[in-house]
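> Build me a structure from this.
(4 chains, ligands or ions: 2)
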Amino acid sequence: MQNGTGNSRSKFSGEEDVVYEVYQRCLIIRLNGELDHHNAVRIREEADKLIDRKNIKHIIFDFTATSFMDSAGIGVIMGRYRKVIFIGGKIAVAGVNMAVDRILKISGLYKIIEKFDNVEAALKAMQR
Amino acid sequence: MQNGTGNSRSKFSGEEDVVYEVYQRCLIIRLNGELDHHNAVRIREEADKLIDRKNIKHIIFDFTATSFMDSAGIGVIMGRYRKVIFIGGKIAVAGVNMAVDRILKISGLYKIIEKFDNVEAALKAMQR
Amino acid sequence: MSDKNEMVLEFDSKSQNESFARTVVAAFAAQLDPTIEELADIKTAVSEAVTNSIIHGYCDKPGKIRMHCILENGEIMVEVIDEGVGIENIAKAMEPLYTSRPELERSGMGFSFMEAFMDSLEVKSELGKGTTVIMKKRIGKYQSR
Amino acid sequence: MSDKNEMVLEFDSKSQNESFARTVVAAFAAQLDPTIEELADIKTAVSEAVTNSIIHGYCDKPGKIRMHCILENGEIMVEVIDEGVGIENIAKAMEPLYTSRPELERSGMGFSFMEAFMDSLEVKSELGKGTTVIMKKRIGKYQSR
Ligand SMILES: Nc1ncnc2c1ncn2[C@@H]1O[C@H](COP(=O)(O)OP(=O)(O)O)[C@@H](O)[C@H]1O
Ligand SMILES: Nc1ncnc2c1ncn2[C@@H]1O[C@H](COP(=O)(O)OP(=O)(O)O)[C@@H](O)[C@H]1O
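Ligands and ions are numbered 1, 2, ... in the order given. From the prediction side, this is the model:
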């Protein structure tokens, strides 16, 4: 998905890079770009591979650079929640903008996940 | 055309403000936004009103904030050229980006108008 | 700009067109001078309807989706039409959290989001014939929520 | 993404839709991952064709314009179709600087720009029936100029 040719390529299509980082047993998913059904398929696959391989317990979704999200995003979060809840894992969201916040509120997800201002705050809380 | 309500209004439609400034007998037209047939109609009217009222001789088109231009832009420039040429006026363009430059080149307009890096340089040359 | 403006977009049932369909509606709705929030609402609702046509209506198989939009009197109407499998029980389908495809990690919140983000939602469907979703939203001065 | 993707947009012949039509084509063409310059070329060419349908084809009167796009094998095809007055002499109309409406400050460069910015241009027209402009451009690795 990386756009190796760089410079003057346009970024219109919303296929921006999702970035994954692992700190101890915590996975940070930086959802850059648009999170719809089209992109969700790929994110789900990539995340689950990492969750299994790196023995992940907690997951932080970083929405700082998310330009769009619909109910497919809710599906991605719920799906990961179901994967880690059995081993006592937690899900957090960070960098939530107003549009994403409204969707998370309406979905009722805030009953099972916690919101933090930024990834650092979420990491600190999870590693406690 | 001004969007008085401000702040969170989107600027998607390309109806950005065209700004007119008069220095002595020189008219500066800052073509912010998109210059197509839809916007050309309005720009032509507003410019011609100023040209007549302020006894304008020279015109500088500033393309610094122009996000799009097609052959309607050529029509606007040619039309103003015809208006001022009889009184010894000149037309200059400034702040021309690559896309606008290609269109001006293909149109052959550079044979009758002069290009400057910025409005200040154009003003200096015209008032000489 | 108070006169009527209308457009119809027909496109292939492919997931990469979800983003395209949203962009088209947003570019058209922009003529009503919406706020960023109103634009986000419309994009989300349209994304839900188009995604549903692709994964439920056509079950990820080839097909055509039509999107019909009208701007009139400060209101946007969006119709998303497919000729897919159709919905047997519309009332049940519209229940929050109901989904026929949990294996795709569908949350069953598509219709709830369309309702939440638009002023009105109407669903017509016939089994084997297809589904039409009609949504309306008043833009600008007349805030809906 | 090497498979075919197709769309048809039908919209009212109104000058505010010139910008809309360009945005739609750009959003669709984006799937071929064009450069900024390629995108600008396509937008300019489409803007010329759509403007022509509005002011020449329909003479600023109400009408429908259809835009048909296909992405396939790294190439974009755009067809702009109106059912307006048509063109009597296509060869003459395509001559650089020829315009039938100098009073509107038309420069007569519309067709020249379509030719310059796209790889190929074809014009079909019948008097009283309408005009179809077909343009193609190869995107990406295979630079055209
Ligand atoms: N266009 C459609 N064609 C066929 N069935 C549909 C369509 N749209 C919705 N449905 C049915 O309605 C159900 C609920 O839809 P929705 O609330 O959007 O949730 P989700 O898409 O997450 O399943 C779907 O699971 C599907 O069974
Ligand atoms: N869609 C159309 N319908 C009818 N006539 C057209 C159409 N497009 C172009 N023409 C004719 O061809 C001429 C040349 O077109 P063009 O090169 O785009 O220049 P311009 O638009 O500046 O006149 C127009 O002046 C018009 O007479």
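> going forward, measure contacts between C-alpha atoms and count neighbours the same way
OK.
> For chain A, give me the ranges with low pLDDT.
Flagging of chain A using pLDDT under 70 yields the residue ranges A:1-16.
> One more pass at 50, please.
Filtered on pLDDT under 50, chain A yields the residue ranges A:1-15.
> Enumerate the residues of chain A near chain B.
By Cα under 8 Å from any Cα of the partner chain, no part of chain A sits against chain B.
> Contacts only, for A:Phe116.
Applying Cα atoms under 8 Å, 6 or more residues apart in numbering or on different chains, we find A:Phe116 in contact with A:Ala92, A:Val93, A:Ala94, A:Gly95, A:Ala122.
> ranges for the strands of chain A?
A:19-23, A:26-30, A:33-35, A:58-62, A:66-69, A:91-94, A:114-116 (DSSP state E).
> got the contact list for the helix ranked longest in chain C?
Secondary structure of chain C per DSSP state H: the longest helix is helix C:36-52. Residues outside helix C:36-52 that contact it (Cα under 8 Å, 6+ apart): A:36-37, A:68-71, A:99, B:8-10, C:15, C:18-19, C:21-23, C:25-26, C:29-30, C:65, C:78, C:80, C:110-111, C:113-115, C:117-118, C:133, C:139.
> Any of these buried? List them.
The neighbour-count test (16 or more other Cα atoms under 10 Å in any protein chain shown) marks A:36-37, A:68-71, A:99, B:9-10, C:15, C:18-19, C:21-23, C:25-26, C:29-30, C:65, C:78, C:80, C:110-111, C:113-115, C:117-118, C:133, C:139 as buried among the contacts of helix C:36-52.
> ok, which of those also contact chain D?
C:Thr23.
> still on that earlier bit, helices or strands next to the very next helix or strand once past the longest helix of chain C in the packing?
On the C-terminal side of helix C:36-52, the closest following helix or strand by DSSP states H and E is strand C:64-72. Under the contact criterion of 3 or more Cα pairs under 8 Å, 6 or more residues apart in numbering or on different chains; DSSP states H and E, strand C:64-72 touches strand C:5-12, strand C:75-82.
> Of these, flag the one that's most buried.
strand C:75-82 (a mean of 22; mean count of other Cα atoms under 10 Å in any protein chain shown).
> Which neighbours in the sheet does that one have, and how are they oriented?
strand C:64-72 (antiparallel), strand C:130-138 (antiparallel) (DSSP bridges).
> For the ones you listed, give me TSV that also has mean pLDDT.
Converted to TSV, those look like this (pLDDT from 0 to 100):
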stretch	mean pLDDT
strand C:64-72	98
strand C:130-138	98
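> nearest to ligand 1, of those strands?
Nearest to ligand 1, of all the strands paired with strand C:75-82, is strand C:130-138, at 5.1 Å by Cα to the nearest ligand atom.
> show me the contacts for the residue of chain A found nearest ligand 1.
In chain A, the residue that lies nearest ligand 1 is A:Ser71 (6.9 Å; Cα to the nearest ligand atom). By Cα under 8 Å, 6+ apart, A:Ser71 lies in contact with A:Asp36, A:Ile103, C:Glu48, C:Arg106, C:Ser107, C:Met109, C:Gly110, C:Phe113.
> how near is A:Leu50 to A:Tyr20?
According to Cα to Cα, to the nearest Å, A:Leu50 stands 9 Å off from A:Tyr20.
> Tell me the pLDDT of the residue in chain C positioned nearest to ligand 2.
At 18.8 Å from ligand 2, C:Met7 is the closest residue in chain C, using Cα to the nearest ligand atom. As predicted, C:Met7 sits at a pLDDT of 98.
> Could you find the closest non-adjacent residue to it?
D:Phe11 (4.3 Å; Cα to Cα, 6 or more residues apart in numbering or on different chains).
> Might you report the residue contacts of the one you found?
C:Asn5, C:Glu6, C:Met7, C:Val8, D:Asn17, D:Lys64, D:Ile65, D:Arg66.
> CSV please, covering those and showing distance to D:Lys92.
Putting the contacts of D:Phe11 into CSV (distance: Cα to Cα, whole Å) gives the following:
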residue, distance to D:Lys92
C:Asn5, 34
C:Glu6, 34
C:Met7, 32
C:Val8, 33
D:Asn17, 27
D:Lys64, 25
D:Ile65, 23
D:Arg66, 24
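> now, among those, which is nearest to B:Asn55?
D:Asn17 (35.2 Å; Cα to Cα).
> Check for me that that closest one belongs to a strand.
No: the assignment for D:Asn17 (DSSP: H, G, I helix; E, B strand; the rest coil) gives helix, which keeps it out of a strand.
> thinking again about what came up before, and ligand 2, which of the contacts of A:Ser71 contact it?
Contacts with ligand 2 are made by none of the contacts of A:Ser71, judged by Cα under 6 Å from any ligand atom.
> Surely A:Thr66 touches A:Ile29?
No: using Cα atoms under 8 Å, A:Thr66 is not in contact with A:Ile29; the gap is 11.3 Å.
> what are the phi and psi angles of C:Glu105?
Main-chain torsions, C:Glu105, degrees, to the nearest 10: phi 60, psi 30.
> which residues touch it?
Counted by Cα under 8 Å, 6+ apart, C:Glu105 has contacts A:Ala72, A:Gly75, A:Val76, A:Met78, A:Gly79.
> Return the members of those classed as buried.
Neighbour counting by 16+ other Cα under 10 Å classes A:Ala72, A:Gly75, A:Val76, A:Met78, A:Gly79 among the contacts of C:Glu105 as buried.
> Which of the residues you listed fall within helices?
A:Ala72, A:Gly75, A:Val76, A:Met78, A:Gly79.
> Can you say which of these are also within reach of chain C?
Counting by Cα under 8 Å from any Cα, the subset of those that neighbours chain C consists of A:Ala72, A:Gly75, A:Val76, A:Met78, A:Gly79.
> Tell me if stretch A:19-32 is near chain C.
No: against chain C, stretch A:19-32 shows no contacts by Cα under 8 Å from any Cα, the least distance being 14.6 Å.
> picking up where we left off before, distance of the residue nearest to C:Met7 from A:Leu104?
35 Å.
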